[in-house]
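Novice: Okay, sequence plus prediction incoming.
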Amino acid sequence: ATMPPLLSAIANAGRHGVLVKSAVVMERLGQVDAVALDKTGTLTEGTPRVTDVRPLPGPGLPEDEVLRLAAAAEHPSEHPLARAIVDAARDRGLDIPLVRDFGSAPGTGVSATFEGRSVAVGSPARLPDGRTGGPAGEEAAAPEMTRALDVAAALEEEGRTAVLVTVDGRPAGVLGIADRLRDEAAATVAALGELAGTTPVLVTGDNPRAAARLAGEVGIDDVRAGLLPQDKVAAVREWERAGRKVLVVGDGVNDAPALAAAHTGIAMGRAGSDLALETADAVVVRDELATVPAVVRLSRRARRLVV
Ligand code: ADP
Ligand code: MG
């Protein structure tokens, strides 16, 4: 028998390195008329590196100590930023102690207790302030926190992701982390814009400064930054209510709810979290972003043969 068009399209997608989970998904891919792209791990390669370690004057910890404490708190996390921090500590030959009471909040950061101290690492805008309990720097911030946020802002201005390290609630240092844009990012944004009939939107948990800078490099003008996982869902729902069929492409635990809420969700496989891979309708197994517009085209071709 000749293979039904949607099934041959699935086989074809497989040859491109994309796992499409069903014929229904293969069909839906061709219907999308709006695209939301995650930043870290999707438009970027997903292997960020620590570029700056900036100890803060308050607690007065040396550079290596800030990095060692951050690495210990991040060790249990599977987030790409966590891996960057652990790798940076190992590169400096630092011993990473085991931690107790590890906790993580998607889109925010991690915390852990060890050596009689509690250490938190995460977004300067969201990390709880040890004294106020609110987001860092929100309350009539102590000069220490103001200083920390200034250091973070300067790094973000350079396109870095700034991560704040607090020890017993006091800002101890700021790490600058950078990830490379994928070579094919701009071309993929253009191709998806053409297929959907509208330029893709950037949806990211990262800071607005770094997000805007990267968006400019790939030709995106609609940027939603500082989003929590549920904010990504809200954005998708808003577009769907306006009658759009949204394709979401993401890789993180933080993207999973949006991947589920979207008309079609595609996960980046290599650095992708297990939750994203399970939730998505399709998975980019070979780590090439350009395969995303390719499978949308395959779907459109197959649908012409079906109807
Ligand atoms: P994106 O949407 O760009 O993939 P995430 O939602 O995963 O990013 O993360 C958003 C922000 O939350 C990060 O830029 C960082 O500030 C903070 N964050 C999340 N997880 C961690 C972590 N494990 N360590 C440090 N910071 C984190
Ligand atoms: Mg991501």
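Specialist: Cool, got the structure. Numbers count the residues shown, from 1 in each chain. Ligands and ions are numbered 1, 2, ... in the order given.
Novice: tell me the contacts of the spatially most central residue of the chain?
Specialist: Nearest to the centroid of the C-alpha atoms of the chain, with distances taken as C-alpha atoms, centre = their mean, sits residue 40, at 3.8 Å. Applying C-beta atoms under 8 Å, 6 or more residues apart in numbering, we find residue 40 in contact with 46, 48, 80, 81, 161, 179, 204, 205, 206, 251, 252. All C-beta atoms are positioned from the backbone trio N, CA, C, and that covers glycine.
Novice: Same list (the residues you listed) but as CSV, adding distance to ligand 2.
Specialist: CSV is the format used below for the contacts of residue 40 (distance: C-beta to the ion, whole Å):
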residue, distance to ligand 2
46, 7
48, 10
80, 7
81, 10
161, 11
179, 10
204, 7
205, 7
206, 9
251, 5
252, 4
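Novice: Those residues in helices, which ones?
Specialist: 80, 81 (DSSP state H).
Novice: Now which of the contacts of residue 40 would you call buried?
Specialist: Buried residues within the contacts of residue 40, counting neighbours by 16 or more other C-beta atoms under 10 Å: 46, 48, 80, 81, 161, 179, 204, 205, 206, 251, 252.
Novice: Might you report the residue contacts of the closest residue in space to residue 22 that isn't next to it in sequence?
Specialist: Using C-beta to C-beta, 6 or more residues apart in numbering and skipping residues adjacent in sequence, the residue nearest residue 22 is residue 281, 7.6 Å away. Shown in contact with residue 281 (C-beta under 8 Å, 6+ apart): 20, 21, 22, 25, 28, 29, 259, 264, 265, 266.
Novice: thinking again about what came up before, you'd agree the residue nearest to the centre of the chain is in a helix?
Specialist: Yes: counting by DSSP: H, G, I helix; E, B strand; the rest coil, one finds residue 40 located in a helix.
Novice: Might you enumerate the residues of the stretch 151-300 of the chain proximal to ligand 2?
Specialist: Within the stretch 151-300 of the chain, the residues that sit near ligand 2 (C-beta under 5 Å from the ion) are 251, 252.
Novice: Find the residue ranges of the stretch 151-300 of the chain scoring beneath the pLDDT cut-off.
Specialist: Residues of the stretch 151-300 of the chain meeting the criterion pLDDT under 70: none.
Novice: which stretches of it form strands?
Specialist: For the stretch 151-300 of the chain, applying DSSP state E, counting those that start in this stretch gives strands covering 161-167, 170-178, 201-203, 223-224, 246-250, 264-268, 282-284.
Novice: coming back round to it: output the buried ones among the contacts of residue 40 in CSV; the columns should cover distance to residue 296.
Specialist: As requested, the buried ones among the contacts of residue 40 are arranged in CSV below (distance: C-beta to C-beta, whole Å):
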residue, distance to residue 296
46, 22
48, 28
80, 26
81, 30
161, 29
179, 25
204, 22
205, 25
206, 26
251, 18
252, 22
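Novice: Which pair of those residues spans the longest distance?
Specialist: Pairwise distances across the buried ones among the contacts of residue 40 (C-beta to C-beta) peak at 14.9 Å, for the pair 161 and 251.
Novice: So residue 252 sits against residue 79, correct?
Specialist: Yes: taking contacts as C-beta atoms under 8 Å, residue 252 lies within contact range of residue 79: 7.3 Å.
Novice: Spatially nearest residue to residue 224 (excluding sequence neighbours)?
Specialist: Nearest-residue entry for residue 224: residue 203, 4.9 Å, with adjacent residues in sequence omitted and distances by C-beta to C-beta, 6+ apart.
Novice: What distance do you get for that neighbour to ligand 1?
Specialist: 7 Å (C-beta to the nearest ligand atom, to the nearest Å).
Novice: Alpha carbons of stretch 80-91, as PDB, please.
Specialist: The C-alpha trace of stretch 80-91 is given here as PDB (Å, rounded to 0.1, in the frame of the first residue of the first chain):
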ATOM      1  CA  PRO A  80      21.200  25.200  31.800                       C
ATOM      2  CA  LEU A  81      22.300  28.200  34.000                       C
ATOM      3  CA  ALA A  82      22.900  25.700  36.800                       C
ATOM      4  CA  ARG A  83      25.100  23.600  34.600                       C
ATOM      5  CA  ALA A  84      27.100  26.700  33.600                       C
ATOM      6  CA  ILE A  85      27.700  27.600  37.200                       C
ATOM      7  CA  VAL A  86      28.800  24.100  38.200                       C
ATOM      8  CA  ASP A  87      31.100  23.800  35.200                       C
ATOM      9  CA  ALA A  88      32.700  27.200  36.000                       C
ATOM     10  CA  ALA A  89      33.400  26.100  39.600                       C
ATOM     11  CA  ARG A  90      34.900  22.800  38.400                       C
ATOM     12  CA  ASP A  91      37.100  24.700  35.800                       C
END
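Novice: Any idea how far it is from the middle of the chain?
Specialist: With C-alpha atoms, centre = their mean, to the nearest Å as the basis, stretch 80-91 stands 16 Å off its chain's centre.
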